[in-house]
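Asks: For reference, the sequence and a predicted model appear below.
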2 protein chains.
Amino acid sequence: MAERREPAAHAAIRAAAAEAAADAVHVEMSLPTGGPVSTVMEAPDETDEELDERKRTVLRAIVSEYVARGEPVGSKRVVEVAGLDVSAATVRNEMSALESLGYITQPHTSAGRIPTDKGYRRFVDDLRADPALDGPRRELVQELLGGAADVEDLLARTSSVLSQLTRLVSLVIAPAGDASRLKLCELVALSPGGALLLLVADTGRVEKRSVELPAGTTDADLDRVRTVLGEHVRGRRLDDVHAAVETIVDDAPSDLRDILRAVANATASGLTQDTVHHVFVGGQASLAGDEAFERQQLSRVLQLIEERATLARLLAEATAGDRPTVRIGEENKVEDLRSASLVAQRYQLVAAGSLGVLGPTRMDYATVLATVRAVADQLHETLTDLSS
Amino acid sequence: MAERREPAAHAAIRAAAAEAAADAVHVEMSLPTGGPVSTVMEAPDETDEELDERKRTVLRAIVSEYVARGEPVGSKRVVEVAGLDVSAATVRNEMSALESLGYITQPHTSAGRIPTDKGYRRFVDDLRADPALDGPRRELVQELLGGAADVEDLLARTSSVLSQLTRLVSLVIAPAGDASRLKLCELVALSPGGALLLLVADTGRVEKRSVELPAGTTDADLDRVRTVLGEHVRGRRLDDVHAAVETIVDDAPSDLRDILRAVANATASGLTQDTVHHVFVGGQASLAGDEAFERQQLSRVLQLIEERATLARLLAEATAGDRPTVRIGEENKVEDLRSASLVAQRYQLVAAGSLGVLGPTRMDYATVLATVRAVADQLHETLTDLSS
DNA sequence: GCCTGGCACCCTCGCCCTCGGAGTGCCAAC
DNA sequence: GTTGGCACTCCGAGGGCGAGGGTGCCAGGC
């Protein structure tokens, strides 16, 4: 019930992750964008492509170089970094073509190029051979998520790990209540006119709702209601609870009806829907430190983050399949995210929750994708262990 | 249990507060710093003072002008704004004196003056006639805090109101568990080896703890433990729970001992201490939008905010008496808050919680103090209503 | 037909300089 | 003690200049 409990492991991760992240920019994660070594030409011809292999190489070089350095990258640097065996002039032609195709753009005439959203998109799509997270960090994730006490704690840790490894804002939403079953339904009298309805799911999730009791409710009444509720509600799915209570109301003895009605009201504010608000966020400070964001954009994004409902909806929408999803800049429907990218993934097949990170469009997609994926996998695994 | 539930009223407050805040800078809150009207001289002589009345007036003018405009303020402007009946040259002399006393400083030679931390401190101390929050906003606070369903919700709203009205980061920590009594103690089996311990206080606070059950624990065992716990723990203060459980362990039938031991372990991680983590934060976006913070400072402060434990400790420490406390810049022991100020107040006399706001040293102390105070009072009142 | 070196051109950025404005400190006079 | 006056300082905006980096294009070569 704490807003976000800080797992004991945080101190540990901070040290570890800082170390790991220190070289994050330079470690190229065995991607073909790296040093002059890899002029990879996997399939010699894919003729129907808009971009031939060399253009793609150039684009890759521009994206990764721009992400790393933050400055527009010129033809000369592309040659160096992509290890192409052609002259800068040739690359210039390619770049010119890439520009008219909308993949890159110039901040001003006679400056280097920077990727457009479309360029990032293409870059990300070309990463289809999903890069794996490197060993040390993979182990770190495993270690930190392994020792969680309950689901709540686990998700908090997950959020922490994600943000520390990516240095972006991490988002984790709990699995939807659909599949979880109600273990306990309690009604606790707090003050004369008010009680607290407690719903506990088998995942360890606890929902509480205030119930306004009708005047004159006695403890005995409450006992009876408790029994009735216990009988009819236990074992149900969370999103069934409201309906279940509604049906009881009518069948109940008339003197309990008012109380049950109050309980029904309390459960009305959709238990499923409410899951949405149950979102863990971490790493907002890193976002503030990121030079890639303008002051105003930063403020907007932070504001959006504070509106948990919107945020959760976004995240849920973004995670359709079971592979990581990337929403780049303008691809985000939300105005405030125009200059941001979201990398997200579902993490459970049934009753899926979602997790992801949010950062400037200028982010290291390869590493981020690898991290999100690894964390989601590990979370999935730990969850499975935990519930068995 | 949602990280922070967004009260339905948020949309409403957003509109209302925006309106209210729009003129916040110019409305001078009936302080004697305002227009040329008020050359207030309350007590004609307080001779032992380091600062005579005129110096104080000058200081007041500098502080409020600097806060409002964000630029160093010169002697000429002081004359205008403070409505002093002397020439700029005279004011310059006073300013020179104020500077050598350490109340104000020059960003560079031949620029206007800006307040030092000491200057702000003095300004705040001179506000002893606590300014009251103006009518409309006072009503807004009342309205928004009045309709809270339970304590949790109330505190979330409080945090929201505070940050919206001040446009700073708001902090609210829940009342310490000391005085609240345990209403319910439940043990719910979730998986074969694990259970969930639920503690419900009469304030509506719910604590949950994972309990690792010894192998071979049966449902019947759990029932018995539940009964034992119920008998001995109910009605206790939250911070007594652990001790209470400990004593039961020894007296219990040997076959229950292991389970009770596990329960005792679960309650060990101080229930009082843990309260500390229960902190509501709002308005981080406003902080990012505030020009008064450098990028790096901003990041540091945000980072500190993410460490809930430190934050809560700070807030708790800062709120000693029952009047608002102000910690300005260097007065904060924490390195990362060197360029920030904290305005905080306790909000209940018994089992006090704390609330406050955090922002750049260059903040409108008068308004902020008034707001913090009004919100604390209202919160206190609503809490009293709620628990009666 | 594609690649390349060369070249003219463009734009930014840092630098310097200048100039106006704002503010100060000091002084002599009231 | 206060004041107007004055010289001085410093910042910041604006303009000019040169260097650097980048481009686009072209003509020639493979």
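Replies: Perfect, thanks for sending it.

Asks: Which of the three states applies to the residue nearest to A:Leu127 when sequence neighbours are not counted?
Replies: Distance criterion C-beta to C-beta, 6 or more residues apart in numbering or on different chains; nearest residue to A:Leu127, sequence neighbours excluded, is A:Ala366 at 6.0 Å. From N, CA and C alone the C-beta is placed, and that goes for glycine too. What DSSP: H, G, I helix; E, B strand; the rest coil gives for A:Ala366 is helix.

Asks: For A:Ala366, give its distance to chain B.
Replies: Note on A:Ala366: its distance to chain B, by C-beta to the nearest C-beta, to the nearest Å, is 25 Å.

Asks: so that residue touches A:Pro131, yeah?
Replies: Yes: contact criterion C-beta atoms under 8 Å: A:Ala366 and A:Pro131 qualify, at 5.1 Å.

Asks: how many neighbours does the residue nearest to A:Leu127 have?
Replies: A:Ala366 is flanked by 22 other residues according to other C-beta atoms under 10 Å in any protein chain shown.

Asks: do the same with A:Gln378
Replies: Neighbour count of A:Gln378, defined by other C-beta under 10 Å: 21.

Asks: mind listing what's buried in the host helix or strand of it?
Replies: Counting by DSSP states H and E, the element that carries A:Gln378 is helix A:365-387. Across helix A:365-387, burial judged by 16 or more other C-beta atoms under 10 Å in any protein chain shown covers A:365-380, A:382-383, A:386.

Asks: quick one: that helix to chain centroid distance?
Replies: Relative to its parent chain, helix A:365-387 has a centroid offset of 11 Å by C-alpha atoms, centre = their mean, to the nearest Å.

Asks: That one packs against which elements?
Replies: helix A:53-69, helix A:117-125, helix A:135-146, helix A:151-166, strand A:340-346, strand A:354-360 (3 or more C-beta pairs under 8 Å, 6 or more residues apart in numbering or on different chains; DSSP states H and E).

Asks: Which among the ones you listed is found nearest to DNA strand C?
Replies: Counting by C-beta to the nearest atom of the strand, DNA strand C lies closest to helix A:53-69 out of these; the figure is 7.0 Å.

Asks: List, one by one, the residues from chain A near DNA strand C.
Replies: Residues of chain A found near DNA strand C (C-beta under 7 Å from any atom of the strand) are A:Arg54, A:Asp85, A:Val86, A:Ser87, A:Ala88, A:Ala89, A:Thr90, A:Asn93, A:His108, A:Thr109, A:Ser110, A:Ala111.

Asks: Among those residues, which ones lie close to DNA strand D?
Replies: Contacts with DNA strand D within the residues of chain A next to DNA strand C, counted by C-beta under 7 Å from any atom of the strand: A:Ala88, A:Ala89, A:Thr109, A:Ser110, A:Ala111.

Asks: Which of the residues you listed sits closest to chain B?
Replies: Comparing those against chain B with C-beta to the nearest C-beta picks out A:Ala111 as the nearest, at 24.1 Å.

Asks: how near is the closest one to A:Gly119?
Replies: Here the criterion is C-beta to C-beta, to the nearest Å. By it, A:Ala111 lies 15 Å from A:Gly119.

Asks: Compare the two and say which one has the larger neighbour count.
Replies: Shown here are A:Ala111 and A:Gly119; by other C-beta under 10 Å, A:Gly119 has more neighbours (25 against 13).
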